[in-house]
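Trainee: Pasting a predicted model and its sequence here:
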Amino acid sequence: MTRRTPTTDVALIAGFAALIAVCAILPDIKTGVGVPYSLQTFGVLLTGAVLGPVRGFLSVVLYLVAGLVLPIYSGGASGISHYSGVTAGYLVAFPLAAALCGYLVYRNHRNATQFTLVFTCGLLSSFVFVHTLGPLNLAWRADLSLKEAFSFDAAYFPGDIAKNVVMALIATAVHRAFPDLAARRSPATTTDEPATQTA
């Protein structure tokens, strides 16, 4: 069993922030229905499912802060202007979705290797925050009705379901490989005593 330390926490937070950045700048996946899908939300939810609520939240926040100066938002974009545009709701939703997904998975840590649990946690988190705050802000910024904004957002549901399938497969594989990852919830420690919990 590997011991959790502040160094490993920082490394995981930074590493998964980089993973989200890579997912965001990869070319969109083209589909036959004309709706391109980004892997950004896949990276966000995977981060939460693997790292848990606190580290997952911090990792996504680190990614968002880095994106203020680095071209790592979706499509290689960057800058604070994205927080006053039509996509601001989605960006704000990302750390919240990661935190909720991580909380649900870690709360049921004994079942963290079960695909159905992790898939449901990811999908629920996505719908609670991403597919709520995103279209609400879209309606406001683009002067659309709520029906129009939510109808536009609904076109991305099939892609999100598919991404959550892949996310759950990877996250459960990680938890099988590192069974203590979701079982330890206390703050990181540098002592010789292994932590019994994780954030």
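Mentor: The structure has been received and is ready for your questions.

Trainee: And the residue nearest the centre of the chain?
Mentor: V44 (1.8 Å; CA atoms, centre = their mean).

Trainee: What distance do you get for that one to Y83?
Mentor: V44 sits at a distance of 16 Å from Y83 (criterion: CB to CB, to the nearest Å). Every residue, glycine included, has its C-beta placed from N, CA and C.

Trainee: ditto for V105
Mentor: 28 Å.

Trainee: In terms of neighbours, single out the busier of those two.
Mentor: Using other CB atoms under 10 Å as the criterion, V105 and Y83 rank with V105 on top: 31 against 14.

Trainee: So the more buried one sits against G48, correct?
Mentor: Yes: the pair V105 / G48 is scored as a contact, 7.4 Å apart, by CB atoms under 8 Å.

Trainee: List the residue ranges of the protein that fall below the pLDDT cut-off.
Mentor: Along the chain, the parts satisfying pLDDT under 70 run over 1-3, 32-34, 183-199.

Trainee: in the protein, which spans are strands?
Mentor: Per DSSP state E, the chain carries no strands over any range.

Trainee: which residues of it fall in helices?
Mentor: 6-25, 40-51, 53-66, 88-107, 115-125, 131-141, 146-154, 157-177 (DSSP state H).

Trainee: Would you mark the buried spots in the fifth one?
Mentor: Neighbour-count burial for helix 115-125, with 16 or more other CB atoms under 10 Å as criterion, is recorded at 117-123, 125.

Trainee: would you list these in JSON lines and tack on distance to H109?
Mentor: Output for the buried residues of helix 115-125, formatted as JSON lines (distance: CB to CB, whole Å):
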{"residue": "L117", "distance to H109": "10"}
{"residue": "V118", "distance to H109": "11"}
{"residue": "F119", "distance to H109": "16"}
{"residue": "T120", "distance to H109": "15"}
{"residue": "C121", "distance to H109": "12"}
{"residue": "G122", "distance to H109": "15"}
{"residue": "L123", "distance to H109": "19"}
{"residue": "S125", "distance to H109": "16"}
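
Trainee: Sweet, I'm off.
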